[in-house]
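Student: please find the sequence and the predicted model below.
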Amino acid sequence: MIAAEALQKSYRTGSDTVCAVRDATVSADRGEMIAIVGPSGSGKSTLLNMIGLVVPPDSGRITIDGTEPIGRNDRQCAAFRNAHFGYITQDFALLNDETVYANIRLPLLYNKTVPRREHKRRIHTAAKALAIEDKLKRRVSVLSGGERQRVAIARAMVCDQPVILADEPTGSLDAENRDRVVSILLDLAHSKGRTVLIVTHDSSVAERCDRVIRMKDGVITP
Amino acid sequence: MKTIGRAFHDLRREIGWVLLYGVLTAIVLYSFIGSISGFRQNLTTARFLSGFKQNRVDMLILESKGSYRISKTDGQEAPTKAKPLDALFREALSKDGTLGGVAELSSAPSGFARTVLIVGRMADCMPVRVPNDRDLYLAVSSSHADRVGTSVKIGREELPIEATVPNGTMVGTLYNHTRSGDLDDALFVFAKDYSTAYKTFYCAPNDFLFRLIAVDADDAFKMELMKSVSSAAGMHARLWSAQAYLKQTGDSGMQYLLLRIVFFGIASFALIAAMVMNLLRVLDAHTNDYAVHRLFGATKAQTFLRMLLLAIGFHIIPVAYIACRILLPLGWTGSEDGGALKRGIVAFSPEKASMMGNVFVVLLLLIAAVCVIGYVRFQRTYAKGMRRE
Ligand SMILES: Nc1ncnc2c1ncn2[C@@H]1O[C@H](COP(=O)(O)OP(=O)(O)OP(=O)(O)O)[C@@H](O)[C@H]1O
Ligand SMILES: [Mg+2]
């Protein structure tokens, strides 16, 4: 599903250069949930952002579902992101002034393959799976952290995106909500065949994943 | 289409600012532009009039009988029979006489918005030297310089255009007339005397009454003139010396206008600074939304367009106001197939610095520039990816 080869990324800050990720090779299959762990500043987020086409790598190759998205024009890249990735972040990255419904619908607005008349059904299905169907009309700003993260997960699956990229999705949640989110993501991987990459600091989260990638100083360690 | 909808959506939150800011900008712009064009008009009028300041010029003013009745009861007016205006004009409205006059012909040759007829001594005050042997002489503003050498048919004659006058210098020609203003699109016809004008253009004496001057006239002639005009026009005629006129409109008027320009210039500057900062603040406030949209499929172009539309929507009141000011004058200058719009926007000349078109272009450029800055700032945040602390 995902094959990233020799990804490299460095940042220039003032006079010196920080090598955030060095020669990282990652592969993930369909239906797999993989944890990326490592100390702060080890390049976990940078790696995830490169795979998710948010941050362009300095060098290396990425193949997703048999296609190589890097090097395409911006319009094609945007369409590719829309069709393939569901992003989940620690701060939820929601449209705070909008309703739950509008937030979940966001990827559908940019999707050309799902017809408009299907939007409602899909949003309700996703909301139901995450137990937030009764909150669809509420603004996300009034929801609790756990609820917000479930809105973000619903959004990450509403277009049937095959890959879910989660950067510390449980970072601001309590233990109960954390376990719930991880269970949902595991279920998405195992029963829906999604590929889930999850960056985490939490060893109890990493333990539940199928596989763990460890990073240190920008390098993947065995 | 979707992007427009989204931008409109973004704008909902800012509606208070849009109103407050829009009205403020419109007022300041309106006053500033009004002051500048008033200043320019006064300047050209004053320059124009100073041409006959030395010649002891008197300008004829017509007032309604009503305002005159008070002095009539004083019994100052002798009821002697006035000389017919036609006879008076044939005698004195000429290059070698005492009178000068301006009339506007009812039709203009194609390419010109109006035809202005300048008769007798009036030509002395114009920035054109009419050759002595010429009965009729045609000139245009420098914006129509390409027409020099061609001929136009006016009245019963086909005449060559022979000279140009600098743009903007003829503004004062139609002093004391509601439709004065921009004469850069006019054809100027200089006629030696009233008889020539009458023969060629069938004009009537009354055509000159609103713009008539007497040069170096003695008191007896002035009396006779006022009497003739009063009885012909059915209104009270009075003469106002150019000196007095200049004193009023020229000196104090100019000082007042200058002060206004300085004041509104400062206000405009402050407003522009506020506009830039405010716009950046608004764009920054939407960074999260733009980034989330980008993550889930919006392109760079869509994001920038959305910013631009938000920025334009934010300034919709001043933008619409200026657009109206550009488009509306076309309505009454009629014949010129969008020419004013084209010249206003394309010709970015200091001479036309107060043209609405230029203000419009500057405003749009400013908005676009701020959007580019806003976009660069957004992109920098977005490129940090999902890592946002
Ligand atoms: N946009 C950027 N500009 C400059 N340096 C950056 C940028 N993004 C990341 N870095 C640097 O790259 C390195 C890796 O950062 P990254 O965010 O990938 O670490 P991380 O493993 O996700 O850390 P954390 O666990 O704290 O989130 C760090 O040293 C960081 O300072
Ligand atoms: Mg991180």
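Tutor: On my side now, so go ahead. Ligands and ions are numbered 1, 2, ... in the order given.
Student: and the residue in chain A that ligand 2 sits nearest to, how many residues sit next to it?
Tutor: Closest approach between chain A and ligand 2, counting by C-beta to the ion: A:Ser45, at 3.1 Å. C-betas here are computed from N, CA, C, even on glycine. For A:Ser45, the neighbour count with other C-beta atoms under 10 Å in any protein chain shown is 26.
Student: again with A:Lys128
Tutor: 13.
Student: tell me the secondary structure at it.
Tutor: Look at A:Lys128: counting by DSSP: H, G, I helix; E, B strand; the rest coil, its state is helix.
Student: quick one: the strands in chain B?
Tutor: Using DSSP state E, the strands of chain B run over residues B:57-63, B:99-105, B:114-120, B:136-141, B:151-154, B:157-165, B:186-191, B:212-215, B:236-241.
Student: what's the closest of these to chain A?
Tutor: Closest to chain A of these is strand B:136-141 (C-beta to the nearest C-beta; 50.0 Å).
Student: and chain A, which residues reach ligand 1?
Tutor: By C-beta under 6 Å from any ligand atom, the residues of chain A that approach ligand 1 are A:Tyr11, A:Thr13, A:Val18, A:Ala20, A:Gly38, A:Ser40, A:Gly41, A:Ser42, A:Gly43, A:Lys44, A:Ser45, A:Thr46.
Student: one more time with 8 Å, if that's ok
Tutor: Counting by C-beta under 8 Å from any ligand atom, chain A comes close to ligand 1 at A:9, A:11-13, A:18, A:20-21, A:38-49, A:55, A:167-168, A:199, A:201, A:215, A:218.
Student: from those, which land in helices?
Tutor: Among those, the members falling in helices (DSSP state H) are A:Lys44, A:Ser45, A:Thr46, A:Leu47, A:Leu48, A:Asn49.
Student: need those in JSON lines (columns: pLDDT).
Tutor: Formatted as JSON lines, these follow (pLDDT from 0 to 100):
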{"residue": "A:Lys44", "pLDDT": "94"}
{"residue": "A:Ser45", "pLDDT": "93"}
{"residue": "A:Thr46", "pLDDT": "94"}
{"residue": "A:Leu47", "pLDDT": "95"}
{"residue": "A:Leu48", "pLDDT": "95"}
{"residue": "A:Asn49", "pLDDT": "93"}
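Student: skip the chain neighbours and tell me the closest residue to the spatially most central residue of chain A.
Tutor: Nearest to the geometric centre of chain A sits A:Leu165, at 1.8 Å (C-alpha atoms, centre = their mean). In space, A:Leu165 comes closest to A:Gly52 once its chain neighbours are excluded; the distance is 4.7 Å by C-beta to C-beta, 6 or more residues apart in numbering or on different chains.
Student: which residues touch the one you found?
Tutor: Counting by C-beta atoms under 8 Å, 6 or more residues apart in numbering or on different chains, A:Gly52 touches A:Arg81, A:Phe85, A:Tyr87, A:Val163, A:Leu165, B:Gly385, B:Met386.
Student: for it, phi and psi?
Tutor: phi -80, psi 10 (degrees, to the nearest 10).
Student: and A:Thr63, how many neighbours?
Tutor: The number of residues packed near A:Thr63 is 15, by other C-beta under 10 Å.
Student: A:Ala3 is in contact with that one, correct?
Tutor: Yes: counting by C-beta atoms under 8 Å, A:Thr63 touches A:Ala3, with 4.4 Å between them.
Student: which secondary structure element of chain B has the lowest mean pLDDT?
Tutor: Within chain B, no helix or strand scores below helix B:339-346, which has a mean of 38 by mean pLDDT, DSSP states H and E.
Student: quick check, the helix of greatest length in chain A touching chain B?
Tutor: When chain A is parsed with DSSP H, its longest helix is helix A:175-192. No: shown here: helix A:175-192 not in contact with chain B (C-beta under 8 Å from any C-beta of the partner chain), separated by at least 15.5 Å.
Student: just the buried residues from the ones in helices among the residues of chain A next to ligand 1, in ChimeraX please.
Tutor: Per 16 or more other C-beta atoms under 10 Å in any protein chain shown, the buried members of these correspond to this ChimeraX selection:
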select /A:44,45,46,47,48,49
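Student: ok so, going back, max pairwise distance over the contacts of A:Gly52: which two?
Tutor: Distances among the contacts of A:Gly52 were taken as C-beta to C-beta; the most separated pair is A:Val163 and B:Gly385, at 15.2 Å.
Student: all strands of chain A, in order?
Tutor: Using DSSP E, strands in chain A cover A:2-13, A:16-28, A:33-37, A:59-64, A:85-89, A:163-167, A:195-199, A:211-216, A:219-221.
Student: quick one on the thing from earlier: ok, of the residues of chain A next to ligand 1, which come out buried?
Tutor: A:9, A:20-21, A:38, A:42-49, A:55, A:167-168, A:199, A:215, A:218.
Student: now narrow those to whatever sits close to chain B.
Tutor: Okay, of those touching chain B (C-beta under 8 Å from any C-beta), that's A:Ser45, A:Thr46, A:Leu48, A:Asn49, A:Val55, A:Asp167.
Student: any idea which residue of the stretch 201-350 of chain B lies closest to chain A?
Tutor: B:Gly297 (2.9 Å).
Student: list the residues that contact that residue.
Tutor: Counting by C-beta under 8 Å, 6+ apart, B:Gly297 makes contact with A:Ala78, A:Ala79, A:Arg81, A:Asn82, A:Pro107, A:Leu109, A:Tyr110, A:Asn111.
Student: could you redo the last one with a cut-off of 7 Å?
Tutor: Applying C-beta atoms under 7 Å, 6 or more residues apart in numbering or on different chains, we find B:Gly297 in contact with A:Ala78, A:Ala79, A:Arg81, A:Asn82, A:Pro107, A:Tyr110, A:Asn111.
Student: out of those, which is most surrounded?
Tutor: The residue in those with the most neighbours, by other C-beta under 10 Å, is A:Pro107 (26 neighbours).
Student: make sure that residue is actually in contact with B:Arg294.
Tutor: No: with contact defined as C-beta atoms under 7 Å, A:Pro107 does not reach B:Arg294; the gap is 11.9 Å.
Student: show residues contacting stretch A:163-171.
Tutor: The contact list for stretch A:163-171, computed with C-beta under 7 Å, 6+ apart, reads A:1-2, A:45, A:48, A:51-52, A:64, A:84-90, A:149, A:156, A:178, A:181-182, A:185, A:188, A:194-202, A:205, B:386-387.
Student: around ligand 2, which positions in chain A sit nearby?
Tutor: A:Ser45 (C-beta under 5 Å from the ion).
Student: what count of nearby residues applies to the residue nearest to A:Lys192 when sequence neighbours are not counted?
Tutor: Setting aside the residues directly before and after it, A:Lys192 is nearest to A:Met157 in space (C-beta to C-beta, 6+ apart), at 7.6 Å. A:Met157 sits with 23 neighbouring residues when counted by other C-beta under 10 Å.
Student: so who does A:Met157 touch?
Tutor: A:Gly86, A:Ala126, A:Leu188 are the contacts of A:Met157 under C-beta under 7 Å, 6+ apart.
Student: same thing but 10 Å
Tutor: By C-beta atoms under 10 Å, 6 or more residues apart in numbering or on different chains, the contact set of A:Met157 is A:86, A:88, A:104, A:107, A:122, A:125-126, A:129-130, A:164, A:184-185, A:188, A:192, A:194.
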